[in-house]
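Peer 1: mind folding the following:
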Amino acid sequence: MTFSRLDIHRRNRGERTLVTLAGDIGPTTTPLLRAAVEQCLLDGVTVIDIDLTTVGSCDARGLDVLLSASRRAGRVHARLRLHHPCAQITRLLDATGSTSLLLTAPVSPVPPAAPGDLTSTVPRALDDPARRPDQPVLKDGIRLRRLTRWQAEGMREDIADLAAESVAGTAGEAYHDRGDFLHRLAVTAHRPGFALLVAETTVLVGCAFGFPVGSDGSGRGGVDGTLQEIIQRLTSRARFVVLTQVVAHPHVQHRDIARRLQQRLLTDLHSSLGVTLLHPADQAGQAAFSSWGWQNMGEVVGLPGPVAPCVLTLPVEEVPLARR
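Peer 2: Residues are numbered from 1 along each chain as shown. Just a heads-up that it's a prediction; the model follows:
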């Protein structure tokens with residue numbers, strides 16, 4: 001039997017996408033399916049619902065595409081689920097032991113497609129409406145995604161691996177112990193206003209996390225209050241974001257990845273200034289932050305600890321009028 005046609009319709013719902021298929025999945029249409037699912041992952045989709053209501057059959061190669069896509073989605077903490085398969089596809093899933101991987105019940109049910117919902121298209125990214133602040137940002141195949149505290153906890157080991165890789169074999173390695181990193185992440189995650197962003201391709205390539213210190217009463221006592229007074233004297237600003245950690249994989253776009261993570265974090269936390277503290281002997285770390293646009297304000301005294309840290313600041317980038 002010859003499979004010759006597969007119509008693909010994609011409907012975006014924030015970070016979730018419904019992909020409706022109509023036709024048959026076989027040798028000539030499998031490349032279209034692979035391209036459509038891959039584009040969803042590149043566009044930063046975190047849940048891919050594939051509606052098979054009007055798919056008559058699927059061969060083993062088509063199933064392999066779906067399984068491979070599901071594994072790739074899992075590596076970037078996304079999900080791919082099939083809905084309303086025909087009897088032939090159900091038997092194929094049962095025979096290959098794939099049912100539990102691809103047919104797990106989603107968070108909310110996906111209704112079967114109505115005939116009027118189907119549109120013949122080639123796989124492509126549909127034009128999205130205005131992006132919400134919590135949606136991922138895609139540029140050059142790299143998406144930025146904000147994680148909840150629960151998601152950050154689930155990814156803590158992956159993020160720690162990335163942090164270790166980012167300094168491995170460099171002069172800054174001595175100042176970045178894995179255990180210390182995990183401790184900073186755990187402590188920062190309990191701060192009011194905590195935010196963590198990750199940068200992803202099909203793998204994790206960067207992250208940044210921190211918390212706000214503001215003029216609304218937060219940060220007026222203890223260590224935060226002392227730091228707030230110091231920054232206010234240095235910059236005349238009482239509100240800022242403490243970036244506890246910025247990590248970028250040794251990627252060809254590592255500078256741009258780090259810069260975009262930092263600027264997005266400042267924007268999400270509604271602050272025009274970022275602040276970070278570094279060990280004065282961490283020359284490699286200071287050089288990296290300098291390459292990302294940070295200004296070294298020098299060592300400061302008055303903060304707890306045996307060493308007076310260097311304070312670095314980063315202003316938020318102005319958005320050109322043409323892009324507003």
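Peer 1: going forward, measure contacts and count neighbours with C-alpha atoms only.
Peer 2: Will do.
Peer 1: for the protein, what spans make up the helices?
Peer 2: Along the chain, the segments classed as helices by DSSP state H run 30-42, 60-75, 87-96, 99-102, 149-154, 156-167, 178-189, 222-235, 254-268, 283-291.
Peer 1: tabulate those helices (CSV), appending mean neighbour count and distance to Asp49.
Peer 2: What follows is these, written out as CSV (neighbours: other C-alpha atoms under 10 Å; distance: least, C-alpha to C-alpha, whole Å):
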stretch, mean neighbour count, distance to Asp49
helix 30-42, 19, 10
helix 60-75, 17, 11
helix 87-96, 14, 16
helix 99-102, 15, 10
helix 149-154, 14, 21
helix 156-167, 18, 26
helix 178-189, 16, 31
helix 222-235, 16, 44
helix 254-268, 20, 28
helix 283-291, 17, 40
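Peer 1: out of these, nearest to Pro315?
Peer 2: For Pro315, the closest of the helices of the chain is helix 254-268, at 8.7 Å, according to C-alpha to C-alpha.
Peer 1: contact partners of that closest one?
Peer 2: 133, 144, 195-199, 206-209, 241, 246-248, 272-274, 291-293, 316-317 (C-alpha atoms under 8 Å, 6 or more residues apart in numbering).
Peer 1: now the helices of the chain in CSV, with distance to Cys310 and mean pLDDT?
Peer 2: Converted to CSV, the helices of the chain look like this (distance: least, C-alpha to C-alpha, whole Å; pLDDT from 0 to 100):
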stretch, distance to Cys310, mean pLDDT
helix 30-42, 38, 87
helix 60-75, 36, 87
helix 87-96, 58, 86
helix 99-102, 49, 83
helix 149-154, 27, 81
helix 156-167, 19, 82
helix 178-189, 18, 87
helix 222-235, 12, 84
helix 254-268, 18, 88
helix 283-291, 9, 86
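Peer 1: and those as CSV, adding distance to Pro304?
Peer 2: CSV is the format used below for the helices of the chain (distance: least, C-alpha to C-alpha, whole Å):
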stretch, distance to Pro304
helix 30-42, 44
helix 60-75, 39
helix 87-96, 59
helix 99-102, 50
helix 149-154, 27
helix 156-167, 25
helix 178-189, 15
helix 222-235, 7
helix 254-268, 25
helix 283-291, 21
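Peer 1: partner strands of the lengthiest strand in the chain and their direction?
Peer 2: Secondary structure of the chain per DSSP state E: the longest strand is strand 47-58. Strand 47-58 has these partner strands in its sheet, going by DSSP bridges: strand 16-25 (parallel), strand 79-83 (parallel).
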